[in-house]
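Visitor: sequence first, then the predicted structure:
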Amino acid sequence: MPAFGASGVRTRLRLTRRGRVVLTGLAAVPIVIAVLVGALSSGGAVAGIDDGGAPVAFETIVVGAGDTLWGIAETIAPSEDPREVILEIMRLNGLATAVVQPGQELALPVVD
């Protein structure tokens, strides 16, 4: 005989609407995380895409003692705005700042 309050009838597990929403949400979390990781880690692949601009011709020099990008820019393009030439030199060489060191090799844009 069953214990007090126990029913002899067993029912199968039934999910309520709220239970289905929670279960679906928990199942979707790994998928959302995978999509976010994939989207955030693919940014580096875009960096190498050609922007469609004309290729830039350049020559290389070795920075001497006392040389600055401003002086180099004025030497290679006296009729150009030195700030624009400095920005182009920095872009060609991947420089974060305009500080250069003696012995450093720089690619310089060829100015017509």
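Guide: That came through, no problem. Numbers count the residues shown, from 1 in each chain.

Visitor: average pLDDT for the helix ranked longest in the chain, rounded please.
Guide: Looking across the chain with DSSP state H, the single longest helix is helix 17-41. For helix 17-41, the mean per-residue pLDDT is 89.

Visitor: in it, what's buried?
Guide: Residues of helix 17-41 classed as buried by neighbour count (16 or more other CB atoms under 10 Å): none. From N, CA and C alone the C-beta is placed, and that goes for glycine too.

Visitor: quick check: residue 108 is in a strand.
Guide: Yes: counting by DSSP: H, G, I helix; E, B strand; the rest coil, residue 108 is part of a strand.

Visitor: tell me the contacts of it?
Guide: 58, 59, 60, 61, 72, 76, 89, 92 (CB atoms under 8 Å, 6 or more residues apart in numbering).

Visitor: drop anything exposed from those.
Guide: 72, 76, 89.

Visitor: check whether the first one really touches residue 106, as I assumed.
Guide: Okay, so that is residue 72. Yes: counting by CB atoms under 8 Å, residue 106 is a contact partner of residue 72 at 7.4 Å.

Visitor: which neighbours do the two have in common?
Guide: Joint contacts of residue 72 and residue 106 (CB under 8 Å, 6+ apart) are 61, 63, 89.

Visitor: including secondary structure, could these go into CSV?
Guide: What follows is those, written out as CSV (three-state DSSP):
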residue, secondary structure
61, strand
63, coil
89, helix
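
Visitor: return the closest of those residues with respect to residue 25.
Guide: Set against residue 25, the nearest of the shared contacts of residue 72 and residue 106 by CB to CB is residue 89 (53.4 Å).

Visitor: can you pull the pLDDT of that closest one?
Guide: 90.

Visitor: any idea how far residue 103 is from it?
Guide: 17 Å (CB to CB, to the nearest Å).

Visitor: looks to me like residue 90 is in a helix.
Guide: Yes: checked against three-state DSSP, residue 90 lies within a helix.

Visitor: neighbours of it, just the number please.
Guide: Neighbour count for residue 90, taken as other CB atoms under 10 Å: 16.

Visitor: what sits against the residue nearest to it when sequence neighbours are not counted?
Guide: What sits nearest to residue 90 in space, not counting adjacent residues and going by CB to CB, 6 or more residues apart in numbering, is residue 98, at 6.5 Å. Listed by CB under 8 Å, 6+ apart, the contact partners of residue 98 are 68, 69, 70, 86, 90.
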